[in-house]
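Colleague: only geometry, no sequence info:
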C-alpha cells in the first residue's frame with residue numbers, strides 16, 4: 001500500500017511540474033527569437049494568442065518580432081495592444097515610438113488646452129487600477145472622518161473632521177475619475193492601424209469619392225462610424241474622411 005501511495009504522489013508531482021502547452025510554446029518562441037529565427041518565434045507567439053491568453057508581455061514580444069521582420073504596421077498594432085494593457089510600461093512606449101518613426105506619415109496631433117494635457121499626464125502617471133484603489137481608500141477615510149464628526153463632542157474636532165472629510169472625498173472623486181478615464185483611454189474600441197501600403201482617404205463612402213489625402217501603413221487612426229465596407233476616420237490632427245475597412249485593423 002505504501003508503495004502505491006508513493007507512486008501516486010510521484011505521478012501527481014510530475015503533473016504539477018509539467019509545462020502547459022502555452023509555457024512550452026512561450027519558451028520555444030523566446031529561444032527562436034534569441035537565435036534570430038523570427039519566423040518560428042512569431043509562429044509560436046501567435047499560437048499562444050490563439051489560445052486567448054492575453055497579456056502585455058505576449059503582445060510586446062509579438063510586436064518586437066514583427067519589428068525585427070520589418071513588418072512595421074503589424075509591430076505598431078501589437079505595441080498598441082500591449083500598451084493598452086500596461087499604459088505606463090516605458091519599454092513598450094519606447095519601442096512603439098521607434099516603430100512609428102519608420103512610418104511615412106508624420107502627423108502631429110492637434111495641440112490640446114494645457115488643462116487637458118495636465119489631466120492626461122496625471123491620468124497616465126499611474127495605472128487605472130492604482131487610481132481606483134486610491135479612490136476606495138480615500139472614500140473609506142472620508143467615511144471614518146464623518147463618523148468622527150458625528151460622534152465627537154468638541155466643536156473644534158467636529159469642524160476639523162467635517163472639513164477633512166469633504167477634502168478627502170473630493171480627492172476620492174478625482175482619483176475615481178482618473179481611474180475611469182485611464183481605463184476608457186486604454187481600452188477604447190475605435191483605434192485602428194492602417195495596414196494597406198497606401199490608402200486613399202475619400203470624401204464619401206464609395207470608390208468614386210474625391211481623394212482628400214493619402215495615408216500609409218502604420219498610421220494610427222480613429223474610426224468614427226462604419227457604413228457598409230467603409231469607415232469614417234479621424235486622424236490625430238483632426239482631419240476626417242472615409243477609408244475602406246479592408247485597409248485597416250482595429251487595435252481592439
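Modeller: Looks like it came in fine. The structure displayed is predicted, hence computed values, not measured ones.
Colleague: and the strand or helix carrying residue 74, which residues are buried?
Modeller: Using DSSP states H and E, residue 74 maps to helix 72-85. For helix 72-85, a neighbour-count test (16 or more other C-beta atoms under 10 Å) marks 72-85 as buried. Any C-beta I mention is one placed from the backbone N, CA and C, and that applies to glycine too.
Colleague: now stretch 29-41: mean pLDDT?
Modeller: Average pLDDT, stretch 29-41: 96.
Colleague: quick check on the closest residue to residue 26 other than its chain neighbours: phi, psi?
Modeller: Leaving aside its chain neighbours, residue 26 sits nearest to residue 48 (6.2 Å; criterion: C-beta to C-beta, 6 or more residues apart in numbering). Main-chain torsions, residue 48, degrees, to the nearest 10: phi -70, psi -40.
Colleague: and if you look at residue 229?
Modeller: Main-chain dihedrals, residue 229, degrees, to the nearest 10: phi -90, psi 20.
Colleague: do you know how far it is from residue 205?
Modeller: 8 Å (C-beta to C-beta, to the nearest Å).
Colleague: out of the two, which sits in the busier spot?
Modeller: Between residue 229 and residue 205, residue 205 has the larger neighbour count (other C-beta atoms under 10 Å), namely 19 against 11.
Colleague: can you pull the pLDDT of that one?
Modeller: Residue 205 is given a pLDDT of 95.
Colleague: gap between it and residue 245?
Modeller: Counting by C-beta to C-beta, the gap from residue 205 to residue 245 is 10 Å.
Colleague: which neighbours do the two share?
Modeller: residue 230 (C-beta atoms under 8 Å, 6 or more residues apart in numbering).
Colleague: what's the neighbour count on the residue nearest to residue 26?
Modeller: Residue 48 has 21 nearby residues by other C-beta under 10 Å.
Colleague: so it touches residue 23, yeah?
Modeller: No: using C-beta atoms under 8 Å, residue 48 is not in contact with residue 23; the gap is 9.4 Å.
Colleague: show me what contacts residue 197?
Modeller: 216, 217.
Colleague: got the domain ranges for this structure?
Modeller: Annotated domains of the chain cover 2-100, 114-186, 191-250 [automatic domain parsing].
Colleague: related to what we said a few turns ago, per-residue pLDDT of the residue nearest to residue 26, please?
Modeller: pLDDT, residue 48: 95.
Colleague: dump the domains of the chain to TSV, plus distance to residue 106.
Modeller: Below are those laid out as TSV (distance: least, C-beta to C-beta, whole Å):
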stretch	distance to residue 106
domain 2-100	9
domain 114-186	20
domain 191-250	10
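Colleague: appreciated, that's everything.
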